[in-house]
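Chemist: predicted model follows, preceded by the sequence.
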Amino acid sequence: MRISRCRVSGEGLSVATMRDVATRAGVSVATVSRVLNEHPAPTKETRARVFAAVDELGYRPNVLARSLRMHTTRTLGLVISDLLNPFFAEIAQAVEEEAREHGYCVVFGNADERDDQQLTYVRALLDRRVDGLLVCPATDDGGWVAEAVASGVPLVLIDRTVREPRVPVVRADGRAALRELAAHLVRLGHRRIGVIAGPERTSTGRERLETFLAALTELGISPRPAHVVHGDFRRESGAAAARRLMALDERPSVLVAMDNLMGLGALAELRGGGWVVPDGVGLAIYDDQPWFPLLDPPITVIAQPTVEIGRAAARSLLALVAGERVDDVLLPARLVTRRSCGEGRVVSRTRTP
């Protein structure tokens, strides 16, 4: 991902102007305007110099400097990681409802778990002069954050954090629930516990795995490296991970999927492979969905306060837009035990034909 530069003045970070682009490209401001407005007069060489200067300086034609942000569009931007993920879809709906109650519209962008697509949407929303920006980062890479901050547009992160720079985040804290889940599985008699973890380059992927493995270790269960497989928060990766785990000579007696889509993929793979849940293998999923209690057996989950996350994120952003200071918001997740891990019965290692 290309990181655009911002000029530094005595007042701190500022956004590059059209005059800066003209100076860097060695042309007039009028020529820069013609190039950006696709006028046919400038030559191919001139266009190349102008666009190179635009890219190097990080110039965004419609971005206003901080001193000019007295105007308002009554619009918020929301870039989510995966629109097909029910977790993010529910967050998006909650953000839209909260914003609408305050007289704001929301413009959505789907990053599809990709850094480059996320950057495209962030820049597009900044160009449209949204009053504030909500982003669920696709990865830990926070290079785009500096560009957003330099534009003067208030920014709040949802669900995931970035390494640098530091900006407010609204997310669920699932550490206590993960420790409860580890203790719950051990009480049920599980000793070989397979984990379908999220991507290592996401804060949620790392935190969930590290917390869960540490809890197992404290309970006297030594996690086996072969019993941890990383997915990408997509259904297909959950299926592939379950297939790999259940093919082991010392296969797990229970699988823990650290995301709802990976959990669905794992469940489909288990059923397709002839495994009965929970008699043949147990299954627990991080994230709840309305249909999980309706399955046979109902799925044991860690439920996140999804609606509250979305609404709290919108409120935090609106507070920033109003010039207020905001802190991180951590909302507790909770363990919901049902029957998919062998609750009420002895752990079995039998497999159906």
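Modeler: Perfect, thanks for sending it. This one's a predicted model, so the numbers in the text were calculated from it and none came from an experiment. Numbers count the residues shown, from 1 in each chain.

Chemist: ok, what's across the strand from residue 110?
Modeler: Assessed by DSSP bridges, residue 110 has beta-bridge partners residue 80.

Chemist: what sits against it?
Modeler: For residue 110, the contact set (CB atoms under 8 Å, 6 or more residues apart in numbering) comprises 79-80, 82-83, 117, 121. No exception for glycine: its C-beta is placed from N, CA and C like everyone else's.

Chemist: what pLDDT does it get?
Modeler: pLDDT recorded at residue 110 is 93.

Chemist: got a list of what the most centrally placed residue in the chain touches?
Modeler: Computing the C-alpha centroid of the chain and ranking residues by CA atoms, centre = their mean puts residue 136 first, at 4.0 Å. Counting by CB under 8 Å, 6+ apart, residue 136 touches 79-81, 88, 91, 111, 157-160.

Chemist: this protein: strands as residue ranges?
Modeler: Taking DSSP state E, the strands of the chain run over residues 7-9, 12-14, 75-80, 105-110, 132-135, 155-158, 169-173, 193-197, 228-230, 254-257, 282-286, 300-303, 329-332, 334-336.

Chemist: ok, back up a step: by neighbour count, which of the contacts of residue 110 wins?
Modeler: Among those, residue 80 has the most neighbours (other CB atoms under 10 Å), with 27 neighbours.

Chemist: that one contacts residue 91, doesn't it?
Modeler: Yes - in this structure residue 80 lies within contact range of residue 91 using CB atoms under 8 Å: 6.9 Å.

Chemist: can you check the pLDDT for residue 29?
Modeler: For residue 29, the model assigns a pLDDT of 81.

Chemist: again but with residue 99, I slipped
Modeler: If you check residue 99, the pLDDT there is 96.

Chemist: wait, it sits on residue 314?
Modeler: Yes - under the criterion of CB under 8 Å, residue 99 makes contact with residue 314 at 5.1 Å.

Chemist: any common contacting residues for the two?
Modeler: Common neighbours of residue 99 and residue 314 (CB under 8 Å, 6+ apart) are residue 76.

Chemist: compare the two and say which one has the larger neighbour count.
Modeler: Per other CB under 10 Å, whichever of residue 99 and residue 314 has more neighbours is residue 314, with 29 against 25.

Chemist: skip the chain neighbours and tell me the closest residue to that one.
Modeler: Spatial nearest neighbour of residue 314, chain neighbours left out: residue 98 (3.8 Å); criterion: CB to CB, 6 or more residues apart in numbering.

Chemist: can you report how many residues neighbour that neighbour?
Modeler: The number of residues packed around residue 98, counting by other CB under 10 Å, is 21.

Chemist: and of the contacts of residue 110, the nearest to residue 329?
Modeler: For those, the residue nearest residue 329 by CB to CB is residue 80; the value is 17.3 Å.

Chemist: can you get me a residue count around residue 331?
Modeler: 15.

Chemist: swap that for residue 209, please
Modeler: 21.

Chemist: buried sites along stretch 90-102?
Modeler: Neighbour counts over stretch 90-102 (16 or more other CB atoms under 10 Å) mark 90-92, 94-96, 98-99 as buried.

Chemist: which residues of the protein score low on pLDDT?
Modeler: 1-15, 61-71, 345-353 (pLDDT under 70).

Chemist: repeat the analysis, applying 50 as the threshold.
Modeler: 1-13, 63-70, 346-353 (pLDDT under 50).

Chemist: now the helices for it?
Modeler: 18-25, 29-36, 44-57, 86-101, 115-127, 143-150, 175-187, 203-218, 235-246, 260-272, 306-321 (DSSP state H).

Chemist: between those, which one is closest to residue 292.
Modeler: Closest among the helices of the chain, using CB to CB: helix 260-272, at 8.2 Å.

Chemist: helices or strands up against the closest one?
Modeler: With contacts defined as 3 or more CB pairs under 8 Å, 6 or more residues apart in numbering; DSSP states H and E, the packing partners of helix 260-272 are helix 86-101, strand 193-197, helix 235-246, strand 254-257, strand 282-286.

Chemist: residues in contact with that helix?
Modeler: In contact with helix 260-272 (CB under 8 Å, 6+ apart) are residues 82, 84-87, 196, 198, 231, 233-243, 246, 255, 257, 277, 280-281, 283, 285-289, 295, 299.

Chemist: which of these count as buried?
Modeler: 82, 85-87, 196, 198, 231, 233-235, 237-243, 246, 255, 257, 277, 280-281, 283, 285-289, 299.

Chemist: could you break the protein into its assigned domains?
Modeler: Following automatic domain parsing, one finds the domains of the chain at 17-57, 71-171+306-331, 173-304.

Chemist: can you list those domains in JSON lines and add distance to residue 339?
Modeler: What follows is those, written out as JSON lines (distance: least, CB to CB, whole Å):
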{"stretch": "domain 17-57", "distance to residue 339": "56"}
{"stretch": "domain 71-171+306-331", "distance to residue 339": "22"}
{"stretch": "domain 173-304", "distance to residue 339": "4"}
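
Chemist: nearest to residue 343, out of the ones you listed?
Modeler: So among the domains of the chain, domain 173-304 is nearest, using CB to CB, at 6.7 Å.

Chemist: pull the distance from that closest one to the chain's centre.
Modeler: Distance, stretch centre to chain centre, for domain 173-304: 19 Å (CA atoms, centre = their mean, to the nearest Å).

Chemist: again with stretch 33-49
Modeler: 38 Å.

Chemist: export it as CSV, just CAs?
Modeler: Only the C-alpha atoms of stretch 33-49 are listed here, as CSV (Å, rounded to 0.1, in the frame of the first residue of the first chain):
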residue,chain,number,x,y,z
SER,A,33,-6.8,22.1,-12.7
ARG,A,34,-7.1,21.1,-16.4
VAL,A,35,-5.3,17.8,-15.8
LEU,A,36,-7.5,16.9,-12.8
ASN,A,37,-10.7,17.9,-14.7
GLU,A,38,-9.6,15.8,-17.8
HIS,A,39,-9.2,18.7,-20.1
PRO,A,40,-7.7,17.6,-23.4
ALA,A,41,-5.1,20.4,-23.7
PRO,A,42,-2.3,19.1,-21.4
THR,A,43,0.2,16.7,-23.1
LYS,A,44,0.7,13.1,-21.9
GLU,A,45,4.0,14.1,-20.4
THR,A,46,2.4,17.0,-18.4
ARG,A,47,-0.3,14.7,-17.2
ALA,A,48,2.2,12.2,-16.0
ARG,A,49,4.1,14.9,-14.0
